[in-house]
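Enquirer: everything below, folded, please.
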Amino acid sequence: MSKNLSLEEIESYVFDLFKTQLPPGIVYHNYEHTARVVDALKAIGTYENVSEEEMELLMVAGWFHDLGFIRAVKDHEVHSAELAENYLKSKNYAKEKIERVKSLIGVTKMPQNPQNQLEEIMCDADLSHIGRPDFMELSLMLRMEWENIEGGEKFTDLEWLEENEKFIGSHRFFTNYGFENYGPQKNKNWLKLQKALKKEQVKSEQQKQKLKVKKADLKRKENKDKIPERGIQTMYRVTLRNHLKLSDIADTKANILLSVSSIILSIILTVLFPKLDKATNSYLVYPTILFVVVTVTTMIYCVLSTRPKVTKTKFTDEDVKNRKVNLLFFGNFYKMKLEDFQNGMLDMMDDRDYLYKSLMKDLYYLGVVLEKKYRLLRIAYNIFMLGIIISVLSFIISFRIMQTSGGIN
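Expert: Residues are numbered from 1 along each chain as shown. Below is the predicted model:
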């Protein structure tokens, strides 16, 4: 150490300037941070076997490297170098050494680009906090500082985590000491940031969705005139209810006829069929076959009238945007993603014409389904009614013919 220079005096000098001149908003780049960097410089310099003179340069640069914050945040490295130069000149410090101290202070400017061993040690010590267990707390202090300074950038939690995760992911320590002693904890801190980032991303996405829904609700409230009038709402409600009742009635009728036909078929199979193997009952063959055909055909038409059918067409996002899809029918949207369906429904509720046309389509195709149900059901009832009459007549005629021919006594 030069005889006119004392590290204790430098520490005291730096402490007094930080105490009296540092703006209140600078809560990270203060005396505590400077002391941490100096401690790191001692540890790294000792491990890297630097000379006594080189250790002196590192200590001096370490105490002065962030003192420029008492003047300005921008280009504080330049101000730090000037303060160091003025102080060292007052102590008759060698000009060559002053230049080397200024160079060590300047290398801490981001992005770091050290050119020699001492500069590498300086860079690793200045960013040693990313390899400390209390990194998250120190990071919050740095964020507060950035937000407190005049013209400082404001960060959301998500933006701050993204910045830190990106920075640590691209950072590397230059010295062996930094790699071995700070690297493992840095990796742990990086994992913590990644976990916190993923959690915050999920939270942010949920908030965006809530905000989107809230904005949509506000927009709908502000455009009440676009909502269908009460009379139109009542018309659609009554019409849809009537259509659904008619559909229930059709299904009930089909079930009744299906049950009756099943009972008749069971009677035929259990009573008439066992008698057909006798020659004396040959007159029952054709009427029985006719009866079976009538009941089976009736049952088939009943099943057809109640058989469900789901649309298998897959619509694209473009079809939804172009208003080509009726989102009120489940057969059109059950293959869609929930987000696409929600967006489509919100668009429909905001577009009066699209909403009316969708309701009209829903009514129209429900009517088409009802027409098919009742047409098949009418055919089933006609077949059953005429078939029963013809079957009974065929039994009577066959019985009379057998009596006339003497087949039955």
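
Enquirer: switch to C-alpha atoms for all contacts and neighbour counts from now on
Expert: Fine.

Enquirer: domain parsing for the chain?
Expert: Using automatic domain parsing, the domains assigned to the chain come out as 7-211, 230-404.

Enquirer: which one of these is the most hemmed in?
Expert: Across the domains of the chain, averaging neighbours per residue (mean count of other Cα atoms under 10 Å) puts domain 7-211 on top, at a mean of 17.

Enquirer: what is the mean pLDDT for it?
Expert: Domain 7-211 carries an average pLDDT of 87.

Enquirer: and the end-to-end length of it?
Expert: In domain 7-211, first residue to last residue: 57 Å (Cα to Cα, to the nearest Å).

Enquirer: quick revisit: with distance to residue 218 added, can I get the domains of the chain in a markdown table?
Expert: What follows is the domains of the chain, written out as a markdown table (distance: least, Cα to Cα, whole Å):
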| stretch | distance to residue 218 |
| --- | --- |
| domain 7-211 | 10 |
| domain 230-404 | 11 |
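
Enquirer: low-scoring stretches of the stretch 301-409 of the chain, by residue?
Expert: 309-336, 340-344, 346-352, 403, 405-409 (pLDDT under 70).

Enquirer: which stretches of it form helices?
Expert: Taking DSSP state H, counting those that start in this stretch as the criterion, the stretch 301-409 of the chain carries its helices at 317-321, 330-333, 338-350, 352-404.

Enquirer: looking at those, which is closest to residue 40?
Expert: helix 338-350 (51.8 Å; Cα to Cα).

Enquirer: ok, which of the domains of the chain comes nearest residue 219?
Expert: Smallest distance to residue 219 across the domains of the chain (Cα to Cα): 8.2 Å, for domain 230-404.

Enquirer: was I right about residue 61 contacting residue 97?
Expert: No. Using Cα atoms under 8 Å, residue 61 is not in contact with residue 97, being 10.4 Å away.

Enquirer: hmm, residue 132 is touching residue 187, no?
Expert: No. Contact criterion Cα under 8 Å: residue 132 and residue 187 do not qualify, at 10.4 Å.

Enquirer: so what sits against both of those two?
Expert: Common neighbours of residue 132 and residue 187, using Cα atoms under 8 Å, 6 or more residues apart in numbering, do not exist here.

Enquirer: show me the contacts for residue 182.
Expert: Applying Cα under 8 Å, 6+ apart, we find residue 182 in contact with 128, 130, 131, 132.

Enquirer: the second one contacts residue 189, correct?
Expert: Yes. Residue 130 is within contact range of residue 189, at 7.3 Å (criterion: Cα under 8 Å).

Enquirer: check contacts around the closest residue to residue 176 other than its chain neighbours.
Expert: Nearest non-adjacent residue to residue 176, counting by Cα to Cα, 6 or more residues apart in numbering: residue 48, 7.8 Å away. Counting by Cα under 8 Å, 6+ apart, residue 48 makes contact with 175, 176, 177.

Enquirer: what's the answer for residue 57, then?
Expert: Counting by Cα under 8 Å, 6+ apart, residue 57 makes contact with 97, 100, 101.

Enquirer: again with residue 375
Expert: Counting by Cα under 8 Å, 6+ apart, residue 375 touches no other residue.

Enquirer: from residue 248, how far off is it?
Expert: According to Cα to Cα, residue 375 stands 15 Å off from residue 248.

Enquirer: helix or strand for residue 142, which one?
Expert: helix 135-148 (DSSP states H and E).

Enquirer: how about that helix as CSV, C-alpha atoms only?
Expert: Extracted in CSV, the C-alpha atoms of helix 135-148 (Å, rounded to 0.1, in the frame of the first residue of the first chain):
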residue,chain,number,x,y,z
PHE,A,135,-30.4,-12.5,-4.4
MET,A,136,-34.2,-12.1,-4.5
GLU,A,137,-34.1,-9.5,-1.7
LEU,A,138,-31.3,-7.6,-3.3
SER,A,139,-33.1,-7.7,-6.6
LEU,A,140,-36.2,-6.1,-5.1
MET,A,141,-34.0,-3.3,-3.7
LEU,A,142,-32.6,-2.7,-7.2
ARG,A,143,-36.1,-2.6,-8.6
MET,A,144,-37.1,0.0,-6.0
GLU,A,145,-34.1,2.1,-6.9
TRP,A,146,-34.9,2.0,-10.6
GLU,A,147,-38.4,3.0,-10.0
ASN,A,148,-37.5,5.8,-7.5
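
Enquirer: can you list the neighbours in contact with the helix or strand just after that helix?
Expert: Sequence-wise, the next helix or strand downstream of helix 135-148 (DSSP H and E) is helix 157-170. Under the criterion Cα under 8 Å, 6+ apart, residues 130, 143, 186, 190, 193, 194, 196, 197, 200, 201, 204 lie in contact with helix 157-170.

Enquirer: run the chain-centre distance for helix 157-170.
Expert: How far helix 157-170 lies from its chain's middle: 20 Å, per Cα atoms, centre = their mean, to the nearest Å.

Enquirer: so what angle separates the directions of it and helix 135-148?
Expert: Using axes from the mean of the first three to the mean of the last three Cα atoms, to 10 degrees, the inter-axis angle of helix 157-170 relative to helix 135-148 is 120 degrees.

Enquirer: ok so, going back, farthest-separated two in the contacts of residue 182?
Expert: Across these, the longest distance by Cα to Cα is 6.9 Å; it joins 128 and 132.

Enquirer: where exactly do the helices run in the stretch 101-250 of the chain?
Expert: When assigned using DSSP H, counting those that start in this stretch, the helices of the stretch 101-250 of the chain occupy the ranges 117-126, 135-148, 157-170, 176-177, 183-222, 230-267.
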